[in-house]
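> when you get a sec, could you give me coordinates for this:
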Amino acid sequence: MDTVRKYIETNRDRFVHELFEMLRIPSISAVAEYGPEMERCAEWLREALLAAGADRAEVMPTGGNPVVYGEKIVDPSKPTVLVYGHYDVMPVDPVDEWRSDPFRPEVRDGRIYARGANDDKGQGYMHVKAFETMVRTGTLPCNVKFMFEGEEEIGSASLGVWCRENKELLRADVILVSDTSLIAWDVPSITCGLRGLCYMQVEVEGPDKDLHSGLYGGAVANPANVLARLIAQLTDADGHIAIPGFYDDVRELTAAEREAFNRAPFSLDAYRRSIGIGDVEGEKGYTTIERTGVRPSLDVNGIWGGYTGEGTKTVIPSKAYAKISMRLVPDQDYHKIGRLLEEHFRKMAPPSVRVKVEALHGGEPYVAPTDLVAYQAAAMAMEDTFGKKPLPYYSGGSIPIISTFEKVLGLKSILMGFGLDRDAIHSPNESYALENFYRGIETIVYFYGYYARMMAK
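You can find the predicted model right below:
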């Protein structure tokens with residue numbers, strides 16, 4: 001490890017310079033006009049893998065954005081780690097809230113500021129540089145495969161099919177992922193559970209065109225008003241989701257499980273201060289960390305309709321829209337939940353409007369047992385670099401493709417992320433601490449060493 005640390009220290013500036021090159025590419029998967037940038041970023045990653053020491057790297061087509069695949073097989077008899085990450089990023093809106101250009105990365109106060117700095121270019125590139133470090137220092141103890149996709153931020157619609165078509169190519173012993181966060185910098189953690197996701201769009205249509213709100217107001221249903229009422233009825237005063245059947249498949253924790261879950265360090269005051277709120281709100285009878293880790297939730301992610309420009313325009317809009325996401329827990333199925341939401345909206349809607357409900361994307365919840373060899377190797381690696389044992393952690397977020405990996409490839413994923421809440425992923429001024437970046441590289445190298453030795457026993 002002395003050789004490894006020396007290599008990382010000697011090349012730390014180059015590692016960040018290379019990351020900046022990738023961060024400058026606006027690989028926004030949600031916006032069609034950035035298609036050429038998606039291709040450019042994929043090609044850049046392919047070249048980076050080859051430069052790092054991969055024997056093979058290629059950009060492979062899918063039904064959507066391409067997958068970057070790479071590998072180095074040191075010995076077919078040794079275990080194989082499949083690294084997963086994504087090179088697509090979220091849109092940057094509202095752009096005027098950024099302190100600097102989101103695609104011109106810069107370092108301020110020891111943090112890299114750019115879209116994708118953490119999610120997931122920064123965290124994904126740690127694996128490329130950890131791999132390079134092991135190759136160049138002659139310490140790579142097992143086989144490595146890489147799979148970087150370009151659709152994670154829009155639901156990984158093409159990756160499941162691609163995995164089925166390339167199942168033999170992706171044969172491995174475990175999947176290693178860095179696309180999650182730590183509880184805190186001084187409280188290391190490994191994510192062993194993710195909530196599932198059901199993402200829907202609702203359209204409410206009234207008159208066949210926008211109407212004058214003076215001539216028609218009070219006599220014609222306003223789709224925006226109706227949509228607001230329908231959304232208000234999705235949850236009750238106690239924060240419970242009011243969709244009939246929504247909780248039917250929720251696996252309730254025992255009292256002992258809840259008590260153990262709440263042992264994780266958590267400060268309600270610090271939580272409120274960190275996001276600038278007066279108080280928390282959610283499902284009655286559950287703590288904040290239960291609400292965000294092991295309980296389902298429903299949120300409106302966007303709502304629009306009518307005139308929203310400068311000044312006034314007195315209209316009753318013809319249509320109003322909302323995007324709604326529901327985070328799910330074991331054993332909820334996102335297909336079923338989507339159907340329940342659609343049925344509920346249609347039942348609640350008055351005859352004065354027409355309702356259309358569309359499923360955009362989703363994924364199942366995921367759980368990784370802490371007795372897995374790979375989990376134990378990750379825990380030992382983090383203990384070496386952080387100086388204390390990491391806690392198992394259930395994240396409120398979703399990586400829908402992780403459950404697909406288990407179903408299609410038969411592989412468990414280890415979610416060893418190094419982000420922090422302050423990194424503001426998906427928000428303006430996303431950032432990633434240089435310290436996290438470098439320590440992440442070192443921890444990943446430790447993981448390979450422990451994992452290879454434990455698998456050889």
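> can we go C-alpha only for contacts and neighbour counts from here?
OK.
> how is the closest residue to Tyr334 other than its chain neighbours assigned, secondary-structure-wise?
In space, and not counting its chain neighbours, Tyr334 is closest to Cys198: 5.1 Å by CA to CA, 6 or more residues apart in numbering. Following DSSP: H, G, I helix; E, B strand; the rest coil, Cys198 is assigned to strand.
> buried residues in the lowest-mean-pLDDT helix or strand in the chain?
Taking mean pLDDT, DSSP states H and E as the measure, the chain has helix 255-261 as its least confident helix or strand, at a mean of 87. For helix 255-261, burial by neighbour count (16 or more other CA atoms under 10 Å) applies to Phe261.
> next, count neighbours for Val31.
Neighbour count for Val31, taken as other CA atoms under 10 Å: 11.
> leaving out the residues flanking it, which one is nearest to it?
Leaving out its chain neighbours, the residue that sits closest to Val31 by CA to CA, 6+ apart is Pro91, at 7.7 Å.
> that neighbour contacts Glu33, correct?
No. Under the criterion of CA atoms under 8 Å, Pro91 is not in contact with Glu33, lying 11.9 Å apart.
> who has more neighbours out of the two?
Neighbour count, other CA under 10 Å: between Pro91 and Glu33, Pro91 has more, with 19 against 10.
> now for Thr312, how many residues are close by?
Other residues within reach of Thr312, judged by other CA under 10 Å, total 8.
> confirm it sits in a helix?
No. Counting by three-state DSSP, Thr312 falls outside a helix, being coil.
> separation between it and Arg24?
Applying CA to CA, to the nearest Å, the value for Thr312 to Arg24 is 39 Å.
> flag the shaky bits of the stretch 151-300 of the chain, pLDDT-wise.
Applying pLDDT under 70 to the stretch 151-300 of the chain flags no residue at all.
> pLDDT score for the nearest residue to Ala184 once chain neighbours are set aside?
Using CA to CA, 6+ apart and skipping residues adjacent in sequence, the residue nearest Ala184 is Leu420, 6.4 Å away. Leu420 carries a pLDDT value of 95.
> same thing with Ile399?
pLDDT, Ile399: 87.
> go ahead and confirm it touches Cys198.
No. Between Ile399 and Cys198 there is no contact under CA under 8 Å: 11.7 Å.
> looking at the two, which one has more neighbours?
Between Ile399 and Cys198, counted using other CA under 10 Å, Cys198 has the larger neighbour count: 25 against 22.
> bridged to that one, which residues?
Assessed by DSSP bridges, Cys198 has beta-bridge partners Met326, Gly362.
> show me the contacts for it.
Counting by CA atoms under 8 Å, 6 or more residues apart in numbering, Cys198 touches Ser325, Met326, Arg327, Leu328, Tyr334, His335, Ile337, Gly338, Ala359, His361, Gly362, Gly363.
> who wins on neighbours among those residues?
Top of those by neighbour count (other CA under 10 Å): Leu328, with 32 neighbours.
> residues in contact with the spatially most central residue of the chain?
Centroid check for the chain by CA atoms, centre = their mean gives Ile399 as the closest residue, at 4.8 Å. By CA under 8 Å, 6+ apart, the residues touching Ile399 are Glu152, Leu194, Gly196, Gly363.
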